[in-house]
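J.: Need coordinates for the below:
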Amino acid sequence: MPDQVLGAKLPVTVTTKISWLLFDIMNETFLRGRTLQNKENHKEVASMFASEDEENREKILRSIKKAHAEVKTELSEYLDEDGTATDNSHYDGSTDLKFDLKMPSNFNKAATTGVGEAIHDYIKNMAIAEWYMVTNKADAGEYVTLAARSLESIRQAVSKRSRPKRPTD
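T.: Residues are numbered from 1 along each chain as shown. Prediction:
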């Protein structure tokens, strides 16, 4: 008996933990700033560090919400949503970002982790790029480039398919 009904879509859930996303953003900006620090630029480098301070968090969460929407647009073919309304309200970071996908039945399940990691990486890089547009313009473009690579990784991962299995009857 086949594993799935012919023509049935394969449910795939990708959850991006906001706590880890924020940590990665803060850690990346800390490490980058630390490598640039010298005896003359302490104040400039300090402003590069993303933190949980309210004004910083608001900017970062707005960037995360925007990048999340961009990923949803990219994955719209596979999203299992029927929402036709949206708003520009505040995202407070209290809930994780979740993607409920309906993949073709021949989607290669081994690519699921790749989809999740690429989504995390895209959102992180876009948030850092937008953060650096304000605090470190010299490096912002590099993170836009990294985000573009992550978006391509998302496209590649959702396009992976499994080879058909030979019937056993």
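
J.: what distance separates the lowest-mean-pLDDT helix or strand in the chain from the middle of the whole chain?
T.: Least confident helix or strand of the chain, by mean pLDDT, DSSP states H and E, is helix 42-48 with a mean of 78. Between the centre of helix 42-48 and the centre of its chain there are 26 Å (CA atoms, centre = their mean, to the nearest Å).

J.: Neighbours of L75, how many?
T.: 18 (other CB atoms under 10 Å). The way it works is simple: take the backbone N, C-alpha and C, and place the C-beta from them, glycine included.

J.: If I follow the layout properly, it ends up in contact with L101?
T.: Yes. Using CB atoms under 8 Å, L75 makes contact with L101 at a distance of 6.6 Å.

J.: Mutual contacts of those two, please.
T.: V158 (CB atoms under 8 Å, 6 or more residues apart in numbering).

J.: follow-up on the earlier one: the least confident helix or strand of the chain packs against which elements?
T.: Identification of packing neighbours for helix 42-48 by 3 or more CB pairs under 8 Å, 6 or more residues apart in numbering; DSSP states H and E yields helix 18-36, helix 112-135.

J.: Quick one, which of the ones you listed gets closest to G93.
T.: helix 18-36 (5.1 Å; CB to CB).

J.: who does the closest one touch, helix- and strand-wise?
T.: Using 3+ CB pairs under 8 Å, 6+ apart: helix 18-36 touches helix 42-48, helix 54-74, helix 112-135.

J.: what number of residues lie near the residue nearest to S94 when sequence neighbours are not counted?
T.: Closest residue to S94 in three dimensions, ignoring its sequence neighbours and counting by CB to CB, 6 or more residues apart in numbering: I18, at 7.9 Å. Neighbourhood size, I18 [other CB under 10 Å]: 18.

J.: about what we covered before: worst mean pLDDT among the helices and strands packed on helix 42-48?
T.: Lowest mean pLDDT of the helices and strands packed on helix 42-48: helix 18-36, a mean of 92.

J.: quick one: contacts of that one?
T.: So helix 18-36 is in contact with 45-46, 48-52, 60, 64, 93-97, 120, 123-124, 127-128, 131-132, 136, 139, going by CB under 8 Å, 6+ apart.
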